[in-house]
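Enquirer: Here is a sequence together with a model predicted from it:
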Amino acid sequence: MKSFTMRGAKILATGSSVPDKSLNNNRISEIVQTSDEWIFNRTGIKERRLLTGINQSVIDLAVNASLKALNKISMNPREIDLIILATSSPNDLFGSASQVQSKINAQNAVAFDLTAACSGFVLGLVTAYQFLQTGSYSNVLVIGADVLSKWIDWSDRTTCILFGDAAGAIILQGCSKENNTILDFQLNTDGNYSNHLSIAYEEKLDPHPILNLYKGSFKNIAMNGKEVYKFAVSQVPLSILKCLNSLNISINDVDWLLLHQANERILKAVADKLSITKNKIISNLCKYGNTSAASIPLALDEALQDNKISHDDIIVISGFGAGLTWGTVVIKWKCF
């Protein structure tokens, strides 16, 4: 019988995966009218990775990132109880998490997709935390993965310079409250601005001659960059402050600020509003661009590999993007 005594959750391992194909700004300038200087000054991006192989999909990146996380702690995939795949670019509209489950041989895991675009990993992390708190599951694999290169109009300079493909994964385990690493979270959505960032569905004009049903297809990414910037810079600091205030944690106590890697100007503007110094910002945007749901776990995994994060460090994680949806998770890092 499952126990429903509220418990904590700890992060056991992280993993990440990026495609081999690199696309730098100079190469993009051969596709659309732009330049390395123009892109870098406005976004902070120098290059991004693209999944270009035949029959390759988000599943390949998700599987690779998951196996790296599992291998770091020598965990048998059969010990995973739940898999949450945060993605907006599944290989199947019915979901891709079950295929990840099969490919990593996690036969005992329930698996489902979660769609919240660039906020997907944060919502996936919070969802996993709920299952672990109640004791419903013991080990949860959360993956953020996207291949938005497949949904880009490569003649649209406003979007083609931004996005890259990647996956990041973390393994969480239920634990006692004393060892809890997820201190609190805060989530928001405002659907009134959903048109600012979307991959919209478009119906064809010719209906079925008998049933009068309209079929259609999804368009490419459309973004109002100015409005998304204004939204992120105004709302993300408020979300972070609300979360920190609920914990009675001062901004000065924050060791690392890990934001969704959307744009360097957004990262700096949010940090400035919070009076957080530049050297506390975790960023790998320059190398990978905006990798949507993958950006936070990818940056976290690299920061850990570089030994930036120490035991008991306070990490503020915040995702924001399409929906428009945004959210914050405050973590006290534990080295288990």
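Expert: Right, received. Where do you want to start? Remember, it's a predicted structure, so these values are computed and weren't measured experimentally. Numbering: from 1, shown residues only.

Enquirer: Restrict stretch 77-84 to CA atoms and write it as PDB.
Expert: Extracted in PDB, the C-alpha atoms of stretch 77-84 (Å, rounded to 0.1, in the frame of the first residue of the first chain):
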ATOM      1  CA  PRO A  77      16.300   1.700 -16.000                       C
ATOM      2  CA  ARG A  78      13.700  -0.700 -14.500                       C
ATOM      3  CA  GLU A  79      14.000   1.300 -11.300                       C
ATOM      4  CA  ILE A  80      12.300   4.300 -12.900                       C
ATOM      5  CA  ASP A  81       8.600   4.500 -12.000                       C
ATOM      6  CA  LEU A  82       7.600   7.500 -14.100                       C
ATOM      7  CA  ILE A  83       8.900   9.300 -17.200                       C
ATOM      8  CA  ILE A  84       7.800  12.900 -18.000                       C
END
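
Enquirer: Can you list the buried residues in it?
Expert: Neighbour-count burial for stretch 77-84 flags 77, 79-84 (criterion: 16 or more other C-beta atoms under 10 Å). Every residue, glycine included, has its C-beta placed from N, CA and C.

Enquirer: how close does the residue of the chain positioned farthest from its centre get to Phe94?
Expert: When distances to the mean C-alpha position of the chain are computed (C-alpha atoms, centre = their mean), the maximum falls on Ile210, with 43.4 Å. Noted for Ile210: a distance of 26 Å to Phe94, by C-beta to C-beta, to the nearest Å.

Enquirer: Leu238 too?
Expert: Distance, Leu238 to Phe94, by C-beta to C-beta: 36 Å.

Enquirer: ditto for Gly225
Expert: The span separating Gly225 from Phe94 equals 32 Å under the rule C-beta to C-beta.

Enquirer: Counting neighbours, go ahead and name the busier of the two.
Expert: More neighbours surround Gly225 than the other of Gly225 and Phe94, with 16 against 8 (other C-beta atoms under 10 Å).

Enquirer: tell me the phi and psi of the more buried one?
Expert: Gly225 has phi and psi values of phi -60, psi -40 when expressed as degrees, to the nearest 10.

Enquirer: Test my guess that it contacts Thr158.
Expert: Yes. Counting by C-beta atoms under 8 Å, Gly225 does reach Thr158; the two are 5.9 Å apart.

Enquirer: shaky segments in this protein?
Expert: 1-5 (pLDDT under 70).

Enquirer: Spatially, which residue comes closest to Ile152, not counting chain neighbours?
Expert: Cys160 (5.2 Å; C-beta to C-beta, 6 or more residues apart in numbering).

Enquirer: Pull the number of nearby residues for that neighbour.
Expert: 20.

Enquirer: which ones are touching it?
Expert: For Cys160, the contact set (C-beta atoms under 8 Å, 6 or more residues apart in numbering) comprises 28, 31-32, 152-154.

Enquirer: And it, how far from Ser217?
Expert: Computed with C-beta to C-beta, the distance linking Cys160 and Ser217 is 20 Å.

Enquirer: For Lys280, what are phi and psi?
Expert: Recorded main-chain torsions at Lys280 are phi -100, psi 0, according to degrees, to the nearest 10.

Enquirer: My read is that it contacts Leu259, right?
Expert: No. No contact is recorded between Lys280 and Leu259 when judged using C-beta under 8 Å, the distance being 11.2 Å.

Enquirer: which one of these two has more residues nearby?
Expert: Between Lys280 and Leu259, counted using other C-beta under 10 Å, Leu259 has the larger neighbour count: 26 against 16.

Enquirer: show me what contacts the more buried one?
Expert: Remark: with contacts taken as C-beta under 8 Å, 6+ apart, Leu259 is in contact with 236, 266-267, 270, 281, 296, 317-320.

Enquirer: and of those residues, the nearest to Lys10?
Expert: Comparing those against Lys10 with C-beta to C-beta places Ile317 closest, at 15.2 Å.

Enquirer: Mind giving me the packing neighbours of the helix or strand hosting the closest one?
Expert: Using DSSP states H and E, Ile317 maps to strand 314-321. Identification of packing neighbours for strand 314-321 by 3 or more C-beta pairs under 8 Å, 6 or more residues apart in numbering; DSSP states H and E yields helix 120-134, helix 225-247, strand 256-259, helix 295-305, strand 325-332.
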